[in-house]
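In: Starting from these lines, generate the structure:
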Amino acid sequence: MFNQQAEHTPADRLSTSFAALAHPTRRAILERLAAGEATVTELAEPLPISVQAVSKHLEVLEQAGLIERMRIAQRRPSRLRGAPLEEASAWLQTYRRFWEEGFDRMDERLRARKGRSG
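Out: Coordinates of the predicted model:
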C-alpha cells in the first residue's frame, strides 16, 4: 500500500524534483535559467502570468533545490542548481534499456510486417 507519509519526507528529493518539474511554467523558468541567472521580473517578462505568480513558482523550485535565490545589492537573481536535475536524469537513465528494447521490438515487428506486404 502507498505510504503517504513517506511521500513528504525531506529525504525524497527525487519526488520533490519531479513534482516541481511537473508544471510547464516551472520547466520554462528552468529552461530560461539554464542560459544564466535572472530576476523575477526578467523571468516573468516572456510569460503570460504575473510577477507574483512567477515568484510562487520560484518558491516551489527553490524548495525542491532546483534553483537558488541570491541577494546582490538590490537585485535578487535566481540561478539553476544542477545536482537535483542530475539525480532526476540518472534515475530516468535506469529505464533507458527498457525504452530501447521496446523500440527494438517495434522495429522488428515493422520490418516483419513490411516483409510480408512487399
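In: going forward, measure contacts between C-alpha atoms and count neighbours the same way
Out: Noted.
In: How much space separates the residue nearest the centre of the chain from Ser15?
Out: Centroid-nearest residue in the chain: Leu21, 3.5 Å away (criterion: C-alpha atoms, centre = their mean). With distances taken as C-alpha to C-alpha, to the nearest Å, Leu21 is found 10 Å from Ser15.
In: from the chain's centre, how far out does the longest helix along the chain sit?
Out: Counting by DSSP state H, the longest helix found in the chain is helix 96-117. Chain-centre distance of helix 96-117: 30 Å, with C-alpha atoms, centre = their mean, to the nearest Å.
In: quick revisit: count of residues packed around the closest residue to the residue nearest to the centre of the chain other than its chain neighbours?
Out: Setting aside the residues directly before and after it, Leu21 is nearest to Arg27 in space (C-alpha to C-alpha, 6 or more residues apart in numbering), at 5.8 Å. For Arg27, the neighbour count with other C-alpha atoms under 10 Å is 15.
In: Now do the buried residues in the helix or strand where Arg27 lies.
Out: Counting by DSSP states H and E, the element that carries Arg27 is helix 24-33. Using 16 or more other C-alpha atoms under 10 Å as the test for burial, helix 24-33 gives Thr25, Arg26, Ile29, Leu30, Arg32, Leu33.
In: Run through the neighbouring helices and strands of it.
Out: With contacts taken as 3 or more C-alpha pairs under 8 Å, 6 or more residues apart in numbering; DSSP states H and E, helix 24-33 sits against helix 51-63, strand 78-80.
In: at 7 Å what do you get?
Out: Helix 24-33 sits against strand 78-80, with contacts defined as 3 or more C-alpha pairs under 7 Å, 6 or more residues apart in numbering; DSSP states H and E.
In: for the record, mean pLDDT for the strand it packs on?
Out: If you average the pLDDT over strand 78-80, you get 96.
In: Name the residues that touch that strand?
Out: Residues from elsewhere that reach strand 78-80 (C-alpha atoms under 7 Å, 6 or more residues apart in numbering): Leu30, Leu33, Ala34, Gly36, Glu37, Ala38, Thr39, Leu66, Ile67, Glu68, Arg69, Met70.
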